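Colleague: With the sequence up front, the predicted model follows.
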Amino acid sequence: MTELECCEATEVHEELLKIVNETMPEETELYDLAELFKVFGDSTRIRILFVLFEAEVCVCDLAEVLHMTQSAISHQLKILKQNKLVKSRREGKSIFYSLADEHVRTIIDQGREHIEEG
């Protein structure tokens, strides 16, 4: 592992720190953002989102295509819904899930671009 390089002398750049302090979001916003990104830290939830990129589907369809139990899928959908990444609608006895908005696709696309740069 390479060693992290550090400054040879301690010098505080006041103007730079002033700009940073003025533009830094509030702690609550930083916390909420970190929590949102934690949701993307599970490959099952990412797989569910990829299915939803293509179509609005019910839990039965998701369980079948991802080779998982409906219970496991429902648990992950609950987390995605709580974080406003998916929405649902009832049709008869079925509940269909879809992406909450295009931001979800944008976040995933940006992440894919980033990892493919390396």
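Modeller: Good, I have the coordinates.
Colleague: Then Trp32 would be within a helix, right?
Modeller: Careful, residue 32 is Asp; it's not Trp. Yes - assessed by DSSP: H, G, I helix; E, B strand; the rest coil, Asp32 belongs to a helix.
Colleague: Run a quick neighbour tally on it.
Modeller: Neighbourhood size, Asp32 [other CB atoms under 10 Å]: 13. All C-beta atoms are positioned from the backbone trio N, CA, C, and that covers glycine.
Colleague: and if you look at Leu77?
Modeller: 21.
Colleague: Could you pull out the strands in this structure for me?
Modeller: 57-58, 86-91, 94-99 (DSSP state E).
Colleague: do you know how far the most centrally placed residue in the chain is from His114?
Modeller: In the chain, the residue lying closest to the centroid (CA atoms, centre = their mean) is Phe40, at 3.5 Å. Here the criterion is CB to CB, to the nearest Å. By it, Phe40 lies 12 Å from His114.
Colleague: Gly92 now?
Modeller: 41 Å.
Colleague: do the same with Glu15
Modeller: Distance from Glu15 to His114, by CB to CB: 30 Å.
Colleague: again with Ala34
Modeller: Using CB to CB, we find Ala34 at a distance of 17 Å from His114.
Colleague: do Phe96 as well
Modeller: 31 Å.
Colleague: so how far is the helix ranked longest in the chain from its chain's centroid?
Modeller: In the chain, assigned by DSSP state H, the helix with the most residues is helix 102-117. Its chain's C-alpha centre and that of helix 102-117 lie 10 Å apart, by CA atoms, centre = their mean, to the nearest Å.
Colleague: Quick check: buried residues in that helix?
Modeller: 104, 108 (16 or more other CB atoms under 10 Å).
Colleague: Next: stretch 84-92.
Modeller: Of the residues in stretch 84-92, 85-86 count as buried by neighbour count, 16+ other CB under 10 Å.
Colleague: Name the surrounding residues that touch it.
Modeller: Residues from elsewhere that reach stretch 84-92, judged by CB atoms under 8 Å, 6 or more residues apart in numbering: 39, 48-49, 52, 77, 80-81, 95-100, 104.
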